[in-house]
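S.K.: 3D model of this:
(2 chains)
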Amino acid sequence: GENVEQHPSTLSVQEGDSAVIKCTYSDSASNYFPWYKQELGKGPQLIIDIRSNVGEKKDQRIAVTLNKTAKHFSLHITETQPEDSAVYFCAAIYNFGNEKLTFGTGTRLTIIP
Amino acid sequence: NAGVTQTPKFRILKIGQSMTLQCAQDMNHNYMYWYRQDPGMGLKLIYYSVGAGITDKGEVPNGYNVSRSTTEDFPLRLELAAPSQTSVYFCASKLRGQGAAQPQHFGDGTRLSIL
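M.R.: Take a look at the predicted model:
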């Protein structure tokens, strides 16, 4: 089955700086890669996703890149703000199979004012 | 739309007790999922359902049971609560992917402690 590794487990950045979180996956058949943000006491919320036919996707201050050859994908947050502080999870899935997501173990991002 | 609604939000159980965690979605989603999240860990899949009347085991199904009698509801049953089941439980739902994957939508969780 799929295995997703996520690094780092914790990340602190100054407000206004950029943050990068990296994930690697094991199953070359995986073709959908969502990123979730989890705030304290809440469920995970989808913030951006990317499909395997695309190398990069942007949504305002958030971007995700995918390298299928190396089997890794990354989340980039620019101009970080205090409200970006949360736990971020990456995930991978082969959507024409049983559609079960495999999650990374999460990154706790802290934005220092 | 309320999205995915989980009840209760918090619960304390004694060892050996049973309870049902409720999950309902109003988005007419085909797929529903139950996860558990332990401190510092990602989400582990317990059970999932691809439609009413169809359920299947995930990665960590032992000690749990599910049913899916309607499209909207997907309850999770703990029959004999054990301390190892202390966790935060999340329910999620999604549309079946049709040519492109669809994202999962999560509820806000049930925090369960077994003492």
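S.K.: Output the helix or strand harbouring residue A:87 as PDB, nothing but the C-alphas.
M.R.: Assigned by DSSP states H and E, residue A:87 belongs to strand A:86-92. C-alpha atoms of strand A:86-92 as PDB (Å, rounded to 0.1, in the frame of the first residue of the first chain):
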ATOM      1  CA  ALA A  86      -1.900  25.300  12.300                       C
ATOM      2  CA  VAL A  87      -1.100  21.700  11.600                       C
ATOM      3  CA  TYR A  88      -0.800  20.800   7.900                       C
ATOM      4  CA  PHE A  89      -1.200  17.300   6.500                       C
ATOM      5  CA  CYS A  90      -0.300  16.000   3.100                       C
ATOM      6  CA  ALA A  91      -2.100  13.000   1.500                       C
ATOM      7  CA  ALA A  92      -1.900  10.800  -1.500                       C
END
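S.K.: Alongside chain A, which residues does chain B contribute?
M.R.: B:4, B:31, B:33, B:40-43, B:45, B:48, B:50, B:56, B:58, B:90, B:92, B:94, B:96-97, B:100-109 (Cβ under 8 Å from any Cβ of the partner chain). From N, CA and C alone the C-beta is placed, and that goes for glycine too.
S.K.: Low-confidence ranges, chain A, go.
M.R.: Counting by pLDDT under 70, chain A contains low-confidence ranges at A:94-98.
S.K.: Next to chain B, which bits of it? Give me the list.
M.R.: Counting by Cβ under 8 Å from any Cβ, chain A sits next to chain B at A:4, A:6, A:9, A:31-32, A:34, A:36, A:41-46, A:49, A:51, A:89, A:93, A:95-96, A:98-101, A:103-106.
S.K.: from these, which ones fall inside strands?
M.R.: A:4, A:6, A:32, A:34, A:36, A:45, A:46, A:49, A:51, A:89, A:103 (DSSP state E).
S.K.: Buried among those residues? Make that a PyMOL selection.
M.R.: The buried residues among those can be selected in PyMOL (16 or more other Cβ atoms under 10 Å in any protein chain shown) with this line:
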select buried, chain A and resi 4+6+32+34+36+49+89+103
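S.K.: dump the residue contacts of residue B:40.
M.R.: A:9, A:105, A:106 (Cβ atoms under 8 Å, 6 or more residues apart in numbering or on different chains).
S.K.: Put the buried members of the residues you listed into a ChimeraX selection.
M.R.: Restricted to buried positions by 16+ other Cβ under 10 Å, the ChimeraX selection for the contacts of residue B:40 reads:
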select /A:105,106
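S.K.: Out of the contacts of residue B:40, which is nearest to chain B?
M.R.: Distance to chain B, by Cβ to the nearest Cβ, is smallest for residue A:105 among the contacts of residue B:40, at 4.5 Å.
S.K.: Could you double-check that the closest one lies in contact with residue A:9?
M.R.: Yes - if you go by Cβ atoms under 8 Å, residue A:105 and residue A:9 touch, sitting 6.8 Å apart.
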